[in-house]
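[1] here you go, sequence then predicted model.
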Amino acid sequence: MHIFKYSVRRGTKAEKMENQVPVELKEERSRMLLALSNQNEKAYLENMIGKSIKVLWEEKDTDGFYKGHTANYMMAKIQSQENLVNQLTEATVIKQENFMLVCY
């Protein structure tokens, strides 16, 4: 979900419209939508636990995990003794951690 607050641009017809939504209300609505988006994303990722996925491993971080993306742009990480950079492999999801799929 992409959340953008409308902001008035000078010189447009919208600038002169009545009943403008107050900035505070726009910010509160944005916070609510972001919280809902995060809740939905977490639930979606947790639904992936136990499933086999294909991941294109893109880099190895300083913690020894390879990180990459699935075909539908979910972030994933895995530990491996092999060099997985630029490899497309199958992996099984064991948990969701910080909006990233942890695999083996």
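    Right, received. Where do you want to start?
[2] sec struct for residue 77, please.
    Three-state call for residue 77 (DSSP: H, G, I helix; E, B strand; the rest coil): strand.
[3] please parse the protein into its domains.
    Listed by automatic domain parsing, the domain ranges of the chain are 13-46, 52-103.
[4] ok so residue 30 is a strand residue?
    No. Residue 30: not assigned to a strand; according to three-state DSSP it is helix.
[5] the strands in the protein, which residues?
    For the chain, the strands defined by DSSP state E cover 52-60, 65-70, 75-79, 87-97, 100-103.
[6] out of these, which one sits most buried?
    Highest mean neighbour count among the strands of the chain (mean count of other C-beta atoms under 10 Å): strand 100-103, with a mean of 21. In short, each C-beta sits where N, CA and C put it, glycine included.
[7] quick one, what contacts residue 66?
    57, 58, 59, 60, 77, 78, 79, 80, 84, 85 (C-beta atoms under 8 Å, 6 or more residues apart in numbering).
[8] residue 37: neighbour count?
    By other C-beta atoms under 10 Å, 13 other residues sit near residue 37.
[9] and the closest residue to it other than its chain neighbours, how many neighbours?
    With sequence-adjacent residues excluded and distances taken as C-beta to C-beta, 6 or more residues apart in numbering, residue 37 is closest to residue 1, at 4.1 Å. Neighbour count of residue 1, defined by other C-beta under 10 Å: 9.
[10] check the contact between residue 1 and residue 38; I expect there is one.
    No. When contacts are counted by C-beta atoms under 8 Å, residue 1 is not listed as touching residue 38 (9.3 Å).
[11] related to what we said a few turns ago, list just the nearest of the contacts of residue 66 to residue 28.
    Closest approach between those and residue 28, by C-beta to C-beta: residue 77, at 34.0 Å.
[12] what sits closest to the closest one if chain neighbours are left out?
    Among residues not flanking residue 77 along the chain, residue 65 sits closest, at 4.3 Å (C-beta to C-beta, 6+ apart).
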